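K.L.:
Kindly generate the corresponding structure for this input.
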Amino acid sequence: MMNHAIAARRIAVAVAAVGLFTVTTTACATGPTSRKEVCERYDSLGDRIGIGGVFGNPVFWAAGELADVADRYEGPEDLSADAERLDTISDSDETSVPELSQATGSIATLCGHPLGLGSTLPST
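P.N.:
Residues are numbered from 1 along each chain as shown. Prediction:
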């Protein structure tokens, strides 16, 4: 019986390690990003805001994802200030639509529409 307990524990540790590795590699993407990737995350954040309000953890998660891709964007536009503001928002407990809109000013220009209004058209 002792061998079954040890084997079960080893399997549990292995499953936990694989899960942690998956989460770590997904959350810590590296390398440059494109306009398309930035705008997809921007539109995703816009889809998560409600009329006149911001609801729940998905908004903060989406803000963090957008901060990451904006920080790694290597186009001619400088999105670093937006990335910094979004990172701060993603670590907070509350925000508002005006605060998110202000934090994404350069990204809005890149994507061609205000946060939560419309969707990004492919670049020509």
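
K.L.:
burial measure for Asp78, as a count.
P.N.:
By the criterion of other C-beta atoms under 10 Å, Asp78 has 11 neighbours. Where C-beta positions appear, they are placed from N, C-alpha and C, glycine not excepted.

K.L.:
Isn't it up against Thr109?
P.N.:
No: taking contacts as C-beta atoms under 8 Å, Asp78 lies outside contact range of Thr109: 10.9 Å.

K.L.:
how far away is Glu65 from Ala103?
P.N.:
As judged by C-beta to C-beta, to the nearest Å, Glu65 and Ala103 stand 14 Å apart.

K.L.:
wait, I meant Ala81
P.N.:
Taken as C-beta to C-beta, the span from Ala81 to Ala103 is 9 Å.

K.L.:
Looking at the two, which one has more neighbours?
P.N.:
Ala103 (27 against 12).

K.L.:
Just the element for the residue nearest to the more buried one when sequence neighbours are not counted, please.
P.N.:
Spatial nearest neighbour of Ala103, chain neighbours left out: Arg85 (3.7 Å); criterion: C-beta to C-beta, 6 or more residues apart in numbering. For Arg85, the host element (DSSP states H and E) is helix 80-90.

K.L.:
I'd like to know how many residues surround the closest residue in space to Asp87 that isn't next to it in sequence.
P.N.:
If the residues on either side of it in the chain are set aside, Asp87 comes closest to Ala67, at 4.1 Å by C-beta to C-beta, 6+ apart. The number of residues packed near Ala67 is 25, by other C-beta under 10 Å.

K.L.:
ok, now Ser96?
P.N.:
Counted with other C-beta under 10 Å, residues neighbouring Ser96 total 13.

K.L.:
From Ser106, how far out is it?
P.N.:
To Ser106, Ser96 is 19 Å away according to C-beta to C-beta.
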